[in-house]
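Engineer: Need a 3D model of the following:
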Amino acid sequence: MSVLAVDVGTSMIKTVVFDDDGTEVAVSRQATHVHRPRPGWAEQDMAAVWNAVVRTMRGALAQVRDEVRFVAFTAQGDGCWLVDDDGRPTGPAILWSDGRAAPLVEGWRGAGVLDEAFRLNGSLTFPGLPNAILAWLAEHDPERLARSSAALYCGGWLFLRFTGERAVDESDASAPFLDPSTRTYSPRVRSLFGLDWAERLMPEVRGNGRRGGALTAMAAAELGLPAGLPVVMAPYDVASTAIGVGATAPGQACTILGTTLCTEVVRDGLDTTGEPSGLTIALDSRGHLLRAFPTLAGTEVVTWAMRLLGLETPEEFGELAQRSQPGARGLMFLPYLSPAGERAPFLDPGARGTLWGLDLQHEPADVARAVFEGLTFVIRDCLAASGAATGELRVCGGGAVSDAWRRLIADVTGLSTVRTTDSEVGAKGAFLSGLVSLGHEPDLTRAAERHVRVRTTDEPDPGRAAFYADRHEDFLALRRAAAPGWERMARAPRTVPGSLDPVGGATEGKHHD
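Structural biologist: Here you go, the predicted structure:
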């Protein structure tokens, strides 16, 4: 017997076939496209996402002959995926990385709304959350809202296509509207953001024991699977990834080295003390919560640096970085390259990347090293913001294949850094969630103990760990020093009216979407 587990990421969709032991038997992948029609916007075609899911599932099925026991899936979180009464999209999905609602969020921050909401549910609102997006739509596109009958997440959109049912997993609903103690929507949080009118758009919340549905005849025909096959909506990708690497018990931690650089720690209760930051996500029926710090800039920063340095592959980039020395010969990089700024472990839509200490003596290797170190300081920063003590950090995502980066993470955090055997950890988390949801395993921890296997462990070097502890203090000080500059640059004009564009034509009078 086999299980189909689908991981619908922002830039890549993967379908994995697992056997009964939880071993990957086959994988099918397809890249997806993020549309950026205006500066700071990030959208996807909802139908195109579903069609890519169908293609990867059919591609995986073509590689096996076993009967499929069930389908489980996880998907990118946050954002807003609006549908009408017939379940049709009313426009493109507005993604978690979208920044159009930044002025609204800044207004809420100034009015104390963000802080008050964090004290209620442990999540700090950023522009890509549905409360911000819905508020923006109410002001700028009320006609679309009038045509919409449900504000789904990506996972809810897929569950609708698989089963015909409208629902949201409790992990998705956690930010911004869930009451973590009751696992239901909080009217108080909704009112804080002036969104009482949006109650009609909020679908049913489902958690463990209620995540399942049955494959409709229409979806079955598209996929080549039998109608009525069980379908499980697993927690969204950052939570499923924690599950997939075996971080399921309080104190366990992991970092996703992917499009988002997400560091997360399992906790046994809500903690809303300290500086508001990150998200608090419902993890399982035992009351465990995930304190997650999903940044807006992750491995895309490495891709940017590769282009800058004229490199073709991440392996070349890693080898170049190794030619420099710890500390990058005095060079420090703040890796906040997202056009939407940053959301974890601090919120600043104006945050931007900065190279500190650059002079004529620095080589490309120093820049590469500084990029890796800057991203890794962010991981340490997020671990500190979680307030949890842990002795081990599990890493996954595309960046985890880099031996050099894993060793650097161990040195910078001072923690044992563990990589598991699975290539698609989010899909593995969906597989484990499916086993628990359908009664094949008693809980996530037991399921992970049986099916998650360690590949490598990197231990921190004491000398380098001490060096990087001091360097991290410099990183934080330089970030504080950069903040006034970010604010000033946010007010500065981006272009000169009537100036020439790169190919020699006047920009004045042109229309740019």
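Engineer: Could you use CA atoms for every contact and neighbour count after this?
Structural biologist: Will do.
Engineer: need the contact list for R369.
Structural biologist: Contacts of R369 were listed using CA atoms under 8 Å, 6 or more residues apart in numbering, and they are 320-322, 324-328.
Engineer: got TSV for these, with pLDDT too?
Structural biologist: What follows is the contacts of R369, written out as TSV (pLDDT from 0 to 100):
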residue	pLDDT
L320	97
A321	96
Q322	95
S324	98
Q325	96
P326	97
G327	97
A328	98
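Engineer: and the two most separated of those?
Structural biologist: Greatest spacing in the contacts of R369, by CA to CA: L320 and G327 (14.4 Å).
Engineer: rewinding a little: among the contacts of R369, which are in strands?
Structural biologist: Among these, no member falls in strands (DSSP state E).
Engineer: I'd like to know which of the residues you listed are buried.
Structural biologist: For the contacts of R369, a burial check counting by 16 or more other CA atoms under 10 Å picks out 320-322, 324, 326-328.
Engineer: out of these, which are inside helices?
Structural biologist: Using DSSP state H, 320-322 are the members of these that sit in helices.
Engineer: need the residues you listed in JSON lines with distance to G107, can you?
Structural biologist: Putting those into JSON lines (distance: CA to CA, whole Å) gives the following:
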{"residue": "L320", "distance to G107": "43"}
{"residue": "A321", "distance to G107": "41"}
{"residue": "Q322", "distance to G107": "44"}
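Engineer: for the residues you listed, which one is nearest W486?
Structural biologist: Out of those, the member with the shortest distance to W486 (by CA to CA) is A321, at 27.3 Å.
Engineer: Name the nearest residue to that closest one, ignoring sequence neighbours.
Structural biologist: Leaving aside its sequence neighbours, A321 sits nearest to R369 (CA to CA, 6 or more residues apart in numbering; 4.3 Å).
Engineer: That neighbour - that's part of a strand, no?
Structural biologist: No: using DSSP: H, G, I helix; E, B strand; the rest coil, the secondary structure at R369 is helix, not a strand.
Engineer: Could you measure from it over to L320?
Structural biologist: Distance from R369 to L320, counting by CA to CA, to the nearest Å: 8 Å.
Engineer: now swap in L201 and tell me
Structural biologist: Remark: distance between L201 and L320 (CA to CA) = 50 Å.
Engineer: Next: V8.
Structural biologist: Taking CA to CA, one finds V8 at 32 Å from L320.
Engineer: surely V53 meets I13?
Structural biologist: Yes: V53 is within contact range of I13, at 6.6 Å (criterion: CA atoms under 8 Å).
Engineer: shared neighbours of the two, which are they?
Structural biologist: What both V53 and I13 touch, as defined by CA under 8 Å, 6+ apart, is the set V6.
Engineer: for the chain, which spans come out with low pLDDT?
Structural biologist: Low-confidence regions of the chain, defined by pLDDT under 70, span residues 494-513.
Engineer: Break it into its domains for me.
Structural biologist: Each domain of the chain is listed here as a residue range: 2-233, 246-493, per automatic domain parsing.
Engineer: Ends of the longest one, what's the gap?
Structural biologist: From the first residue to the last, domain 246-493 extends over 48 Å; the measure is CA to CA.
Engineer: Can you show me the strands along the stretch 1-150 of the chain?
Structural biologist: For the stretch 1-150 of the chain, the strands defined by DSSP state E, counting those that start in this stretch cover 2-8, 12-18, 24-31, 43-44, 68-75, 81-83, 93-94, 150-152.
Engineer: Could you dump those strands into a markdown table with distance to V245 and mean neighbour count added?
Structural biologist: Below are the strands of the stretch 1-150 of the chain laid out as a markdown table (distance: least, CA to CA, whole Å; neighbours: other CA atoms under 10 Å):
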| stretch | distance to V245 | mean neighbour count |
| --- | --- | --- |
| strand 2-8 | 14 | 28 |
| strand 12-18 | 15 | 25 |
| strand 24-31 | 14 | 18 |
| strand 43-44 | 28 | 20 |
| strand 68-75 | 14 | 26 |
| strand 81-83 | 28 | 26 |
| strand 93-94 | 29 | 27 |
| strand 150-152 | 27 | 27 |
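Engineer: Which among the ones you listed is found nearest to S285?
Structural biologist: Of these, nearest to S285 by CA to CA is strand 68-75, at 17.5 Å.
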